[in-house]
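Asks: what's the 3D shape of this:
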Amino acid sequence: MRKIINSLWKPEKHSHKGQNGKLLIIGGSKQYHGAPVFSILAARRFVDLLYFYPAEQDVYLLRDVKAIPEAMVVYKLEKAKEVDCVLFGIGLGKAKFDSRYVVRNAKRLVIDGDGLYLVKGKIPAGAIITPHELEFNRLFKMPGTKKNVIAMAKKWKCIIIKKDPHGDIVSDGKKTKIITGGNAGMTKGGTGDVLAGLVSALFCKNNAFESAVAAAWINRKTGEKLWKKFGFNYCASDVANEVAATAQDL
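Replies: Residues are numbered from 1 along each chain as shown. Got it, this is the predicted structure:
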């Protein structure tokens with residue numbers, strides 16, 4: 001695992017703004033205006049440029065995102081063509097969003113939360129998806145066992161991070177890793193959005209499988225780190241703000 005962490009992209013000495021990752025996050029709604037914030041907080045220290053496209057216009061959503069100075073709000077989906085990676089689906093709720101343009105034009109794609117239902121089981125090849133048990137079952141009409149995760153990753157030529165309290169199952173259909181660790185404090189709402197933000201930031205400059213494995217491991221190690229300070233009494237914002245320090249320490 002440490003070999004993967006050590007192999008992750010590191011900025012070159014003379015690189016300039018934008019060469020070390022450009023990420024677009026699409027999501028949010030009146031129902032879940034906080035979800036994109038967790039993804040943005042998790043991603044902001046890992047990329048040079050961070051953009052946000054609101055899937056639904058909401059005063060609270062925009063207020064919360066604009067309070068994060070690293071996040072630049074955009075209102076045209078053409079930005080999806082310019083960035084290294086697009087994350088969409090977090091906090092969509094009942095917002096109406098047509099994902100077809102993003103799926104066709106994104107260079108690299110991470111799909112999380114309600115975005116998984118928009119692709120209707122037709123997972124774009126090369127994408128990373130991050131379902132929990134219920135989402136996996138609804139997508140593929142089968143339980144999210146290790147065998148089924150491998151089979152679906154192979155069938156759709158994608159990378160799956162199947163979130164599981166007993167250990168995240170990460171597979172590209174050929175290689176598979178079980179990421180254990182963490183603790184019950186990570187059941188708090190928003191920790192999945194943190195993972196989505198982290199994996200999409202890493203995917204900007206790293207290959208999909210290594211990004212997925214590294215993100216899942218960093219996320220769980222951060223939970224362990226926070227337990228030493230707060231016990232089980234930490235929240236998703238704590239995880240989002242700590243993942244960069246955890247990655248540096250590993």
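
Asks: can we go C-alpha only for contacts and neighbour counts from here?
Replies: Will do.

Asks: count the neighbours of G91 for me.
Replies: A count of nearby residues for G91, using other C-alpha atoms under 10 Å, gives 27.

Asks: buried residues, the longest helix seen in the chain. List them.
Replies: Secondary structure of the chain per DSSP state H: the longest helix is helix 208-230. For helix 208-230, burial by neighbour count (16 or more other C-alpha atoms under 10 Å) applies to 208-227.

Asks: just the residues contacting it, thanks.
Replies: Helix 208-230 is contacted from outside by 1, 4-5, 8, 126-128, 159, 161, 168, 170-172, 177, 179-183, 185-186, 194-195, 198-200, 202-203, 233-234, 238-239, 242-243, 246-247, using C-alpha atoms under 8 Å, 6 or more residues apart in numbering.

Asks: which helices and strands does the least confident helix or strand in the chain by mean pLDDT pack with?
Replies: The weakest-scoring helix or strand in the chain, judged by mean pLDDT, DSSP states H and E, is helix 2-7 (a mean of 85). If you count contacts as 3 or more C-alpha pairs under 8 Å, 6 or more residues apart in numbering; DSSP states H and E, helix 2-7 packs onto helix 208-230.

Asks: how far out from the middle of the chain is the helix it packs on?
Replies: From the chain centre to the centre of helix 208-230 is a distance of 12 Å (C-alpha atoms, centre = their mean, to the nearest Å).

Asks: and the angle for the next helix-or-strand element following it with helix 208-230?
Replies: Reading on from helix 208-230 to the C-terminus, the next helix or strand found by DSSP states H and E is helix 236-249. On the basis of axes from the mean of the first three to the mean of the last three C-alpha atoms, to 10 degrees, helix 236-249 is oriented at 110 degrees to helix 208-230.
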